[in-house]
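> just the structure for this:
(one chain, ligands or ions: 3)
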Amino acid sequence: MFTLSKPLLGKARRRGYALPAFNTCNLGMSRALLAAAEAMKSPLLVQITESTIGYAGLESIFGIVQVLEKQSKVPVCIHLDHGRRLPIIRKCLSLGFKSVMVDASRYGLNKNISIVKKVVSMARRKNCSVEAELGSLKRIGSEAQHLTDPKQAKFFVEKTGCDSLAVAIGTSHGAHKFGGKPKLDFERLKEISELVSIPLVLHGASSVPISLVKKNNRFGARLSGTKGVPDKDLKKAIKFGVAKINIDTDLRLAFSAGIREFHARNPADFDPRHALRQGSSLVQDVAAQKIALFGARGKA
Ligand code: G3H
Ligand code: 13P
Ligand code: ZN
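Ligands and ions are numbered 1, 2, ... in the order given. Got it, this is the predicted structure:
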């Protein structure tokens with residue numbers, strides 16, 4: 001049975017570590033994530049997005065994670081990441097998701113509150129936890145971002161009754177997070193954490209390791225100007241109440257590097273299982289490193 005995210009995250013915030021929240025889109029990545037969590041004896045949040053649902057099909061990807069969870073010795077929660085459409089959120093609730101994010105951060109405060117309240121009341125009936133977002137991360141192709149206002153965050157959490165809150169403190173999704181030096185607004189995060197006691201969530205938290213970028217490039221990729229969140233900043237964020245850290249980009253880089261390397265070194269082998277296995281193996285290594293960094297090792 002999938003575990004609810006609320007108790008997993010509450011315990012993480014109280015004890016000063018963060019739950020690894022890893023995105024998946026297929027069988028190989030999902031197996032790698034569960035294997036890493038089990039090897040590290042860590043609880044795990046496996047997340048899927050609306051675009052993954054478009055790619056894999058909701059029932060198929062849910063079914064994969066569900067079967068793997070049944071065989072797992074550690075608590076696993078399945079989470080809808082960036083749920084923007086109510087019909088999709090509804091479908092996830094009826095399938096048995098134990099955590100959904102309702103992302104209405106593109107709207108003004110009042111509309112965001114009213115959408116989140118609606119989802120919270122739907123989710124309560126299905127025994128599912130709810131993450132909401134206030135403020136917005138920089139979007140690809142636009143410099144605009146609105147960092148979370150601490151007082152507004154307190155008001156938002158009281159009004160909506162959400163179980164965890166995604167905050168914007170300077171991160172963004174993808175492999176190009178900062179033009180210059182990485183800079184997160186820790187003063188803001190500290191203030192939010194003093195006013196808001198529910199677990200905080202950090203999106204856009206991949207560190208985009210240079211070793212993975214180089215490995216991709218060595219085997220045919222052309223990645224340049226990449227920059228991620230330094231590990232030390234993630235540790236600092238955990239000290240200020242961040243109890244769920246979202247990672248997608250680093251896992252994609254790992255998967256892609258493994259597959260590229262396999263094909264480059266084995267030009268006559270076109271069996272997809274061989275290439276995918278190498279991709280998964282790198283994903284498992286990266287996931288295990290993150291679990292250790294977030295302090296979640298041994299917390300299952
Ligand atoms: O928002 C989180 C993801 O990193 C972007 O995911 O490409 O599956 O929409 P997506
Ligand atoms: P990254 O792109 O930094 O991995 O962030 C992922 C994320 O926030 C998923 O919701
Ligand atoms: Zn995100």
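> going forward, measure contacts and count neighbours with C-alpha atoms only.
OK.
> which helix or strand contains Lys244?
For Lys244, the host element (DSSP states H and E) is strand 242-247.
> can you name every helix or strand that that strand contacts?
Of the remaining helices and strands, those touching strand 242-247 by 3 or more CA pairs under 8 Å, 6 or more residues apart in numbering; DSSP states H and E are helix 5-15, strand 19-23, strand 200-202.
> who in the stretch 201-300 of the chain is up against ligand 2?
With CA under 6 Å from any ligand atom as the criterion, the stretch 201-300 of the chain comes near ligand 2 at residues His203, Gly204, Ala205, Ser206, Asn246, Ile247, Asp248, Thr249, Asp250.
> hmm, back to that, for ligand 1, find the nearest of the helices and strands packed on strand 242-247.
Distances from ligand 1 to each of the helices and strands packed on strand 242-247 were compared using CA to the nearest ligand atom; the minimum, 7.3 Å, belongs to strand 19-23.
> dump the helix or strand following that closest one to CSV, keeping only the CA atoms.
Towards the C-terminus, the helix or strand next in line after strand 19-23, according to DSSP H and E, is helix 27-40. Listed next in CSV are the C-alpha coordinates belonging to helix 27-40 (Å, rounded to 0.1, in the frame of the first residue of the first chain):
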residue,chain,number,x,y,z
LEU,A,27,9.8,1.2,-15.9
GLY,A,28,13.6,1.5,-15.9
MET,A,29,13.7,4.8,-14.0
SER,A,30,11.1,3.6,-11.5
ARG,A,31,12.9,0.4,-10.7
ALA,A,32,16.2,2.3,-10.2
LEU,A,33,14.5,4.7,-7.8
LEU,A,34,12.9,2.0,-5.7
ALA,A,35,16.2,0.0,-5.7
ALA,A,36,18.1,3.1,-4.5
ALA,A,37,15.6,3.8,-1.7
GLU,A,38,15.6,0.2,-0.6
ALA,A,39,19.4,0.0,-0.6
MET,A,40,19.6,3.2,1.5
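> which helices and strands does helix 27-40 pack with?
Helix 27-40 makes packing contacts with strand 44-49, helix 58-70, helix 272-293 when contacts are defined by 3+ CA pairs under 8 Å, 6+ apart.
> quick one: low-confidence parts of the stretch 101-250 of the chain?
Low-confidence segments of the stretch 101-250 of the chain, defined by pLDDT under 70: 140-143.
> which residue ranges of it form strands?
Across the stretch 101-250 of the chain, reading from the start of the chain, the strands by DSSP state E, counting those that start in this stretch fall at 129-134, 164-167, 200-202, 242-247.
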